[in-house]
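Peer 1: Provided below for reference: sequence and predicted model.
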There are 2 protein chains.
Amino acid sequence: MMNHLKNVDYTQICVCANLRKKTRVVTQLYDKLLHPTGLKVTQYSMLAHIDLQQAVSISRLGEILLLDQTTVTRNITLLKQNGYVELNRDAHDARTKNITLTEKGLEKLQEAAPIWQEIQDRIIDDVGIEKYADFYDTLRTMQKIIQSYDEE
Amino acid sequence: MMNHLKNVDYTQICVCANLRKKTRVVTQLYDKLLHPTGLKVTQYSMLAHIDLQQAVSISRLGEILLLDQTTVTRNITLLKQNGYVELNRDAHDARTKNITLTEKGLEKLQEAAPIWQEIQDRIIDDVGIEKYADFYDTLRTMQKIIQSYDEE
DNA sequence: CTACAAAACATGTATATACATGTTTTGTAG
DNA sequence: CTACAAAACATGTATATACATGTTTTGTAG
């Protein structure tokens, strides 16, 4: 007897819509657990990248996160309003603005990090490290494939 | 010799941020190719679900797509403004509004379908059907896992 | 039947996101 | 050096999304 739930042709389920749906679920979990810190996962992730990159420019951050430059500008504006980051003109190029974490931003990042780590470990553990490794790899592959389309 | 690109601990890359990033890439591809139709992939997907479900209510559609009811209301409003869907009060429950495709909405869906199918087939083929099956499965598992957290 | 909780939808507000376009600063062909 | 294209960032506009809350309609305990 067929399970009617599984009796769906998964190749006919939109790759994009399905990804978006699952991403919503994951995002809501992260946002819910990060809520006590006042950060959303998007903001946490951006702070973490700024911490790693040290004085990145807006467009460079966009390249890394594959975000439109204007989106970075908008997201950074919010972090700036909250006092988590600073923007400084580059010494050698007056067009460029470098983003750095403030003391407050670093503290906020450190406050949120343990919560993030807990969700992270739990999900990967529950999915299973091997399955997750494959999953991660397929996501990477998918990105590369799509980026290769643009070169046509 | 290590490949410095692969020399990153993938378990320390945020599951959520990574999913969001890849989802942006995929979404941009779909939106770009669907552009001639005037639909975004979100709208296409919603029209396709309405077509499948036949006279579905706003909250039911939210359950299916795991979207907040208010988000469905907003997205449907746009489809309605474009004349692709109609809203009708339910005959048995005056609170409920049922969504149906208009003739114009069906035509638009049929116009976009071949484009969607082409992207869909191409991505799955390029990723590889077996890898994609695993990937799809892991996405499902991840959703179930997270939904099980909410029951705690 | 009545009172009240719950269900279904709408509205206010805020964040995330991208595209089109504008402004300022650099870099470089000639 | 000058003119102009390109780079870097900002702004206008629109869609996608969720949470808090409000309104209307149902369902049900008593």
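Peer 2: Yes, it's here.

Peer 1: A:K131 and A:I124, how far apart?
Peer 2: Distance of A:K131 to A:I124, computed by C-beta to C-beta, to the nearest Å: 9 Å. Every residue, glycine included, has its C-beta placed from N, CA and C.

Peer 1: my guess is A:L106 contacts A:A48, does it?
Peer 2: No. The pair A:L106 / A:A48 is not scored as a contact, 10.8 Å apart, by C-beta atoms under 8 Å.

Peer 1: packing partners for the host helix or strand of A:Q120?
Peer 2: Assessed by DSSP states H and E, A:Q120 sits inside helix A:103-127. For helix A:103-127, the packing partners by 3 or more C-beta pairs under 8 Å, 6 or more residues apart in numbering or on different chains; DSSP states H and E come out as helix A:15-34, helix A:41-53, helix B:15-34, helix B:129-150.

Peer 1: export those helices to JSON lines and tack on mean neighbour count, mean pLDDT and distance to DNA strand C?
Peer 2: Shown next, in JSON lines, are those (neighbours: other C-beta atoms under 10 Å in any protein chain shown; pLDDT from 0 to 100; distance: least, C-beta to the nearest atom of the strand, whole Å):
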{"stretch": "helix A:15-34", "mean neighbour count": "20", "mean pLDDT": "97", "distance to DNA strand C": "9"}
{"stretch": "helix A:41-53", "mean neighbour count": "19", "mean pLDDT": "96", "distance to DNA strand C": "3"}
{"stretch": "helix B:15-34", "mean neighbour count": "20", "mean pLDDT": "97", "distance to DNA strand C": "4"}
{"stretch": "helix B:129-150", "mean neighbour count": "16", "mean pLDDT": "95", "distance to DNA strand C": "16"}
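
Peer 1: Can you say which of those helices is nearest to B:A94?
Peer 2: Minimum separation from B:A94 across the helices and strands packed on helix A:103-127 (C-beta to C-beta) falls at helix A:15-34, 30.1 Å.

Peer 1: That closest one and chain B, are they touching?
Peer 2: Yes. Helix A:15-34 is in contact with chain B by C-beta under 8 Å from any C-beta of the partner chain, via A:15-27, A:29-30.

Peer 1: now swap in stretch A:38-47 and tell me
Peer 2: Yes. Using C-beta under 8 Å from any C-beta, stretch A:38-47 reaches chain B at A:V41, A:T42, A:Y44, A:S45.

Peer 1: List of residues touching that stretch?
Peer 2: Identification of contacts with stretch A:38-47 by C-beta atoms under 8 Å, 6 or more residues apart in numbering or on different chains yields A:27, A:30-31, A:34, A:37, A:61, A:65, A:75-76, A:78-79, A:84-85, A:101, A:105, A:108-109, A:112, A:116, B:14, B:16-17, B:20.

Peer 1: Also stretch A:22-35?
Peer 2: Under the criterion C-beta under 8 Å, 6+ apart, residues A:40-41, A:44, A:112, A:115-116, A:118-119, A:123, B:15-16, B:19-20, B:23, B:66-67, B:139, B:142-143, B:146-147, B:149 lie in contact with stretch A:22-35.

Peer 1: cool, stretch A:62-74 as well?
Peer 2: A:S45, A:M46, A:H49, A:Q53, A:V56, A:I58, A:S59, A:L61, A:N75, B:K21, B:R24, B:V25.

Peer 1: picking up where we left off before, wait, which of the residues of stretch A:38-47 next to chain B is closest to chain B?
Peer 2: Chain B has its nearest neighbour among the residues of stretch A:38-47 next to chain B in A:S45, at 3.9 Å by C-beta to the nearest C-beta.

Peer 1: Model confidence for A:M1, exactly?
Peer 2: If you check A:M1, the pLDDT there is 41.

Peer 1: just A:L78 next, same as before
Peer 2: Here, the pLDDT recorded for A:L78 equals 97.

Peer 1: Check for me that it belongs to a helix.
Peer 2: Yes. Per DSSP: H, G, I helix; E, B strand; the rest coil, A:L78 lies within a helix segment.

Peer 1: That one - how many residues pack around it?
Peer 2: Residues lying near A:L78 (other C-beta atoms under 10 Å in any protein chain shown) number 14.

Peer 1: and what of A:I115?
Peer 2: Using other C-beta under 10 Å, A:I115 has 17 neighbouring residues.

Peer 1: Correct me if wrong: it contacts A:K108.
Peer 2: No. Applying C-beta under 8 Å, one finds A:I115 not in contact with A:K108, separated by 11.6 Å.
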